[in-house]
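>>> model this:
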Amino acid sequence: MLAAIVLEDTVKKIASKNDLSPSGKTLDPIIDELVKIGVFTPVKAKRVKAYAGVRNGALHAEWDKFDNKDAGELISGVRELIEHFL
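Presented below is the predicted three-dimensional model:
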């Protein structure tokens, strides 16, 4: 759950750092905008959207939609975003 919250916060901070307003937007449109301005590659965007899928499953207690490996990849992915984009 914490990693899911940090993911959303991190993507919004990356957007703000790159002069995009994340206010009132869900993650997918923000990620798409980051691709358009060249911050994320299309492949990176797909990975971040996959992390968001794990996030959604966790936030809605849909435990059958992901496993421990998915959660671990979410955590690793968030670390990578923080290290490389903030």
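
>>> please make it C-alpha for all contacts and neighbour counts, starting now.
Will do.

>>> run the chain-centre distance for the worst-scoring helix or strand of the chain on mean pLDDT.
Across the helices and strands of the chain, mean pLDDT, DSSP states H and E gives its lowest value to helix 42-59, namely a mean of 91. Centroid separation between helix 42-59 and its chain, computed with C-alpha atoms, centre = their mean, to the nearest Å, is 6 Å.

>>> show me where pLDDT drops low in this protein?
Within the chain, no range satisfies pLDDT under 70.

>>> about what we covered before: what comes into contact with the least confident helix or strand of the chain?
Defining contact as C-alpha atoms under 8 Å, 6 or more residues apart in numbering, one finds that helix 42-59 is touched by 1, 3-5, 7, 27-28, 31-32, 35, 63, 65-66, 70-71, 73-74, 77.

>>> in it, what counts as buried?
By neighbour count with 16 or more other C-alpha atoms under 10 Å, helix 42-59 contains the buried residues A45, V48, K49, A50, Y51, A52, G53, V54, R55, N56, G57, A58.

>>> what do you get for stretch 3-12?
Residues A3, A4, V6, L7, E8, T10, V11, K12 are the ones in stretch 3-12 that count as buried (16+ other C-alpha under 10 Å).

>>> show me how far it is from its chain's centre.
Using C-alpha atoms, centre = their mean, the offset of stretch 3-12 from its chain centre is 6 Å.

>>> equivalent analysis for stretch 61-71, please.
Distance of stretch 61-71 from the chain centroid (C-alpha atoms, centre = their mean) equals 16 Å.
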